[in-house]
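Engineer: Here is a sequence together with a model predicted from it:
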Amino acid sequence: MDLLTAFGLFAVIVMLICYMLEGRSPWWTLGFAAGCALGSAYGFLQGAWPFGLVEGVWALVALKKWWSIHQKREPAG
């Protein structure tokens, strides 16, 4: 297994774990966004730009979801 493949495997594992635990805390949603960003980087580095593009969009969607949840949980004041 080369370094790039190991990086891609790591990104997918991060996404999977964070997705499974999203209901426990908004921070897992942010972790999922980070995992998607890593997956996007992997896609572009590998030369599969459609995969990189889609993962980048998923990262933005997850980041927006985290921001929305985070704003709702902030104490008013």
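Structural biologist: Good, I have the coordinates.
Engineer: which residues sit against the least confident helix or strand in the chain by mean pLDDT?
Structural biologist: When the helices and strands of the chain are scored by mean pLDDT, DSSP states H and E, helix 49-73 comes last with a mean of 94. Contacts of helix 49-73 from elsewhere in the structure, counted by CB atoms under 8 Å, 6 or more residues apart in numbering, are 26, 29-30, 32-34, 36-37, 39-46. Using the backbone N, CA and C atoms, a C-beta is placed for each residue, glycine as well.
Engineer: Now, of these, which are buried?
Structural biologist: For the contacts of helix 49-73, burial is judged from neighbour counts taken by 16 or more other CB atoms under 10 Å, and it is met by 26, 29-30, 32-34, 36-37, 39-43.
Engineer: Now do the buried residues in the least confident helix or strand of the chain.
Structural biologist: 51-52, 55-56, 58-59, 62-63, 65-66.
Engineer: now the residues you listed as CSV including distance to L21?
Structural biologist: Conversion of the buried residues of helix 49-73 to CSV gives the following (distance: CB to CB, whole Å):
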residue, distance to L21
F51, 24
G52, 25
E55, 19
G56, 22
W58, 17
A59, 17
A62, 13
L63, 17
K65, 14
W66, 13
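Engineer: Which of those sits closest to F10?
Structural biologist: Sorting the buried residues of helix 49-73 by how near they are to F10, with CB to CB, puts E55 at the top with 13.6 Å.
Engineer: Could you give the number of residues near A6?
Structural biologist: Each residue near A6 was counted by other CB atoms under 10 Å, and the total is 10.
Engineer: Tell me which helix or strand it sits in.
Structural biologist: Of the helices and strands defined by DSSP states H and E, A6 is found in helix 3-20.
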